[in-house]
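Visitor: Provided below for reference: sequence and predicted model.
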Amino acid sequence: MTNWKTKSNIVLSLSVLIALVVIGQIGMYAAHLMFGMNVHLNIFKFCLSLFKQHSWYYNLITYAMNAFIIHMLLIAFIRIIQQYVRLTRFKAAMISLQLHQYTEELKHRFHVSSRASMIVIDRAEPLAFTMGFRKPMIVLSSGLVGLLDEQELEAVIAHEASHRHNYDTLKLFVLQLIAQSLWFIPLTRWSYANYKIMSELRADEHAIKATGSELGLGGALLKMVQSSGIIRSASTSPVLASFSDEAINYRLRQLIEPQRAIPVKLETPAIVISVYALLLLMALTVLAMT
């Protein structure tokens, strides 16, 4: 099967690298404004140098650029606070629904460590997802446990264990935060969308290796689709790594045709914008060095 772990790490690294470059440029520009430091190779400073100092259009560009930077930072700050509040409330709600005896029985049944963060909640809908950042927790519903057979349930637990082990919820939030803050760079949105798909395919690979067969995973996916147990994140919910989400079509296709490539291509407008942005960055860097 395809090595989705390597591909997902490349996509994650690409988005984080873009964010670090932008943050570095903002930091250099802030140091120049606040402390008068003479910084080099800074795009924001170079843009200002194209205009005559103390002129009305120089001041206008300065205000516009500062407002743009503050807007980016404000979006990031708001998203972090929102995520913290939503996750705190959501986790409390899940724990209040926990079936303690059911949880311990399931851990014993599938040889899950008693210290592992996995709970079974009292919900009729078939649900399976991982939540949390520092200590990710696997959540299964009683409806899911009743729906799946032994092999299928083992595959679901192995799938979510992969999300927990790889801290996919944290990585997804970081990528979502970058995509929302740097909305003007299409590659960040592409990275977020494709990491969601690749992380699910990687977790599926882990589940197949853990169970030794595709049958359990395939059966669980089909039953979840038939029971309408697909989770679609609401605007008020925290970031989750769900067993059944929007990537389920790619996952079924991968099970049926494992040698077939999954499309992770950029759309044409995104390619054009990204190329123009790259050329502009290169041109400004060359001019700043001369």
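Guide: Nice, thanks for sending it over.

Visitor: show me where pLDDT drops low in the protein?
Guide: Scanning the chain for pLDDT under 70 picks out the ranges 1-2, 32-33, 35-37, 39-46, 48-51, 114-116, 228-236, 245-246, 257-290.

Visitor: Run through the strands of it in chain order.
Guide: Ranges of strands in the chain, per DSSP state E, are 118-121, 128-131, 137-141, 241-242.

Visitor: Skipping its backbone neighbours, what lies nearest the residue nearest the centre of the chain in space?
Guide: Geometric centre of the chain, nearest residue: Leu172, 1.6 Å, by C-alpha atoms, centre = their mean. Distance criterion C-beta to C-beta, 6 or more residues apart in numbering; nearest residue to Leu172, sequence neighbours excluded, is Val239 at 5.1 Å. In short, each C-beta sits where N, CA and C put it, glycine included.

Visitor: Could you double-check that that neighbour sits in contact with Tyr167?
Guide: No - in this structure, Val239 is not within contact of Tyr167 by C-beta atoms under 8 Å, at 11.4 Å.

Visitor: Those two: which has the busier surroundings?
Guide: Legend: neighbour count by other C-beta atoms under 10 Å for Val239 and Tyr167, higher for Val239 (22 against 18).

Visitor: out of the strands of the chain, deepest packed?
Guide: strand 241-242 (a mean of 26; mean count of other C-beta atoms under 10 Å).

Visitor: List the contacts of the closest residue to Ile80 other than its chain neighbours.
Guide: The shortest distance from Ile80 to any non-neighbouring residue, by C-beta to C-beta, 6+ apart, is to Leu177 (7.0 Å). Listed by C-beta atoms under 8 Å, 6 or more residues apart in numbering, the contact set of Leu177 reads Ala76, Arg79, Ile80.

Visitor: and those residues, which are buried?
Guide: For those, a burial check counting by 16 or more other C-beta atoms under 10 Å picks out Ala76.

Visitor: Going by distance to Ala193, which of the contacts of Leu177 wins?
Guide: The closest of the contacts of Leu177 to Ala193 turns out to be Arg79 (C-beta to C-beta; 16.9 Å).

Visitor: separation between the closest one and Ser227?
Guide: With distances taken as C-beta to C-beta, to the nearest Å, Arg79 is found 32 Å from Ser227.
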